[in-house]
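> Build the 3D model from these lines:
(one chain, ligands or ions: 1)
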Amino acid sequence: MKTSQMFGKRTVFSLEIFPPKPTTGVETIYRTLEELSNLKPDFISVTYGAGGKNGAKTLELAEAIKTRYGTESVAHLSGMYLTRDDVIRLTNEFRERGIENILALRGDRVEGLEPTGDFPHASDLAAFIRELGDFNIIGACYPEGHPESASTVDDIHNLKRKVDAGVSHLISQLFFDNDIFYAFLERAQIAGINVPIEAGIMPVVNSKQIGRIIALCGVKMPRKFMRIMERYQDKPLALRDAGIAYAVDQIVDLVTQGVDGIHLYTMNQPYVARRIWESVGGLITESTFEEESTTTSNG
Ligand code: FAD
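Have a look, this model is predicted:
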């Protein structure tokens, strides 16, 4: 297990939120952030609109996480629809707002929008940001391979390019089968990818999410997970509890196997994040310290 250079921890625990729709009251997201910050995560990351142009809320929230709640923040940035000038302007704004960590992404494709061609891959954006200044650059990775990749081998070579371009920390796409993640870690190691890789966990707690996951092609759903979804999709409380328990079960196994970190896709639901932290907070905290004392005693 590797210590995160960026967050100085062996088992990083992080949370992800998305900016609310303009119709949702702004106070709701700030209450959410307050509750999430109370869990003392290593950082909270804020997603960025796929089209690339509406990032104002991302920046505002990433700044507030730091200044209002005293928690480290990570701003996502999707490059496919941005020009080099856009990125220069945005990174200047990041600097002014005290945002030091950027999750450099290609971004999802938006129908009808033409990519600028300046950043066809996340590695191009990472390399450009590295030239622009002293940011910590994070990247995304896909335990089951990115859906557009010809093969998982191709995908891992591309991931190595991304790390070589300056990414110092990776966060994975969600997955429901830990063995798939362990096989991916092995491929990454063989490819010489030596940065910490956080496991992305999404607690599935309502039936709306089920459809969204099915749309995410390539994410395998184990039989145990499918049974829960089928059985409880019309029973909201049962589905919520079973979804939380499934995520907790995944995390216990991942931390026991010594993963570098857990990144929770909170879907802006602090109640769910709190219940998960209540179940695994001690495990994550002690596994961090256990590793540290082992390292110290071994010199
Ligand atoms: P890339 O790393 O560029 O990979 C995309 C594809 O190109 C892959 O198939 C890869 O194998 C291939 N590739 C990469 N580099 C090369 C190369 N040099 N040559 C040839 N092929 C290459 N989307 C958003 O719009 N906003 C967000 O905030 C957001 N947050 C995310 C957070 C996480 C943790 C994850 C896992 C995903 C997130 N996404 C987000 C989704 C992401 O933008 C999409 O999955 C997108 O399709 C790929 O982005 P990427 O940065 O992984 O792309």
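> Could I get the CA-only coordinates of the worst-scoring helix or strand of the chain on mean pLDDT as PDB?
Ranked by mean pLDDT, DSSP states H and E, the weakest helix or strand in the chain is helix 207-215, scoring a mean of 79. The C-alpha coordinates for helix 207-215 follow below in PDB (Å, rounded to 0.1, in the frame of the first residue of the first chain):
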ATOM      1  CA  SER A 207     -34.400   2.800  -7.600                       C
ATOM      2  CA  LYS A 208     -33.500   5.900  -9.700                       C
ATOM      3  CA  GLN A 209     -29.800   5.100  -9.300                       C
ATOM      4  CA  ILE A 210     -30.300   1.500 -10.600                       C
ATOM      5  CA  GLY A 211     -31.300   2.800 -14.000                       C
ATOM      6  CA  ARG A 212     -28.300   5.100 -14.100                       C
ATOM      7  CA  ILE A 213     -25.900   2.300 -13.300                       C
ATOM      8  CA  ILE A 214     -27.400   0.100 -16.000                       C
ATOM      9  CA  ALA A 215     -26.800   3.000 -18.400                       C
END
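> That one: how far from the chain's middle?
Chain-centre distance of helix 207-215: 18 Å, with CA atoms, centre = their mean, to the nearest Å.
> Buried residues, that helix. List them.
Buried positions in helix 207-215, judged by neighbour count with 16 or more other CB atoms under 10 Å: 209, 210. To be clear about C-beta, it is placed using only N, CA and C from the backbone, and glycine gets the same treatment.
> likewise stretch 44-53?
Within stretch 44-53, the residues that qualify as buried are 44, 45, 46, 47, 48, 49, 50, 51, 52, counting by 16+ other CB under 10 Å.
> Report the mean per-residue pLDDT for that stretch.
Averaged over stretch 44-53, pLDDT sits at 88.
> Also stretch 170-180?
Mean per-residue pLDDT for stretch 170-180: 97.
> Could you say which helix or strand holds the residue nearest the centre of the chain?
With distances taken as CA atoms, centre = their mean, residue 171 lies nearest the centre of the chain, 4.7 Å away. In this structure, residue 171 sits in strand 169-174 according to DSSP states H and E.
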